[in-house]
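Colleague: Quick one: sequence plus predicted model below, questions after.
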Amino acid sequence: MIKVFFILVVTGLMFLIQLILISCHTPAINKKDDTIQFANSDSSKSSQAYQADIDNYRVRVADIVDANQKLMDSFSQKISDDKREARELYRKKIDSLEAVNKTLKRNMDEYHPEGRGKWDTFKIDMTRTMTELSMTVRNLRDTSSK
């Protein structure tokens, strides 16, 4: 009988403990909402970084285009004392380089963000063209002094 009484008491205590634990309310965490919030904050940070990259690159392109233009203007002044044929030849080269320089500036000014992948491609193409143009302008100056 004591055994039965002991089993009933233990069972009753376990039942009471379960009721207490069940009645304790812990708020459920909605993992889906947390994931969306983290994704939105990551997306916002990524978007801000993307826009900052575009803005910084615009400034860099403008600086390079201006520097190229100054070099070409300086070169144009230096060739004014050259022979007529040489002057015409250099003038044609300068005109074509100025056209490329203006195109670079226009392309950068008209660029509208269309996604990170397209931006990366655009940036690579612009950088390659700017590098080639800058090297050509510098080489043009170097060849004229020889």
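Modeller: All right, it came through fine.
Colleague: tell me which residues in the host helix or strand of Arg87 are buried?
Modeller: Assessed by DSSP states H and E, Arg87 sits inside helix 84-110. Neighbour-count burial for helix 84-110, counted by 16 or more other C-beta atoms under 10 Å, picks out 90, 93-94, 97-98, 100-101, 104-105, 108. Heads up, the C-betas are built off the backbone N, CA and C, glycines and all.
Colleague: And for stretch 116-123?
Modeller: 119, 122-123.
Colleague: ok, so of those residues, who is nearest Phe75?
Modeller: Distance to Phe75 across the buried residues of stretch 116-123 (C-beta to C-beta) is lowest for Lys123, with 28.1 Å.
Colleague: Verify the contact between that closest one and Arg58 for me.
Modeller: No - counting by C-beta atoms under 8 Å, Lys123 does not reach Arg58; the two are 10.8 Å apart.
Colleague: Return the backbone torsion pair for Pro113.
Modeller: In terms of degrees, to the nearest 10, the main-chain angles of Pro113 are phi -60, psi 130.
Colleague: Would you check that it makes contact with Ile54?
Modeller: Yes - using C-beta under 8 Å, Pro113 is in contact with Ile54, at 6.2 Å.
Colleague: Give the rounded mean pLDDT of the lengthiest helix in the chain.
Modeller: Counting residues, the longest helix in the chain under DSSP state H turns out to be helix 31-78. Helix 31-78 carries an average pLDDT of 80.
Colleague: Having no further points to raise, I will conclude here.
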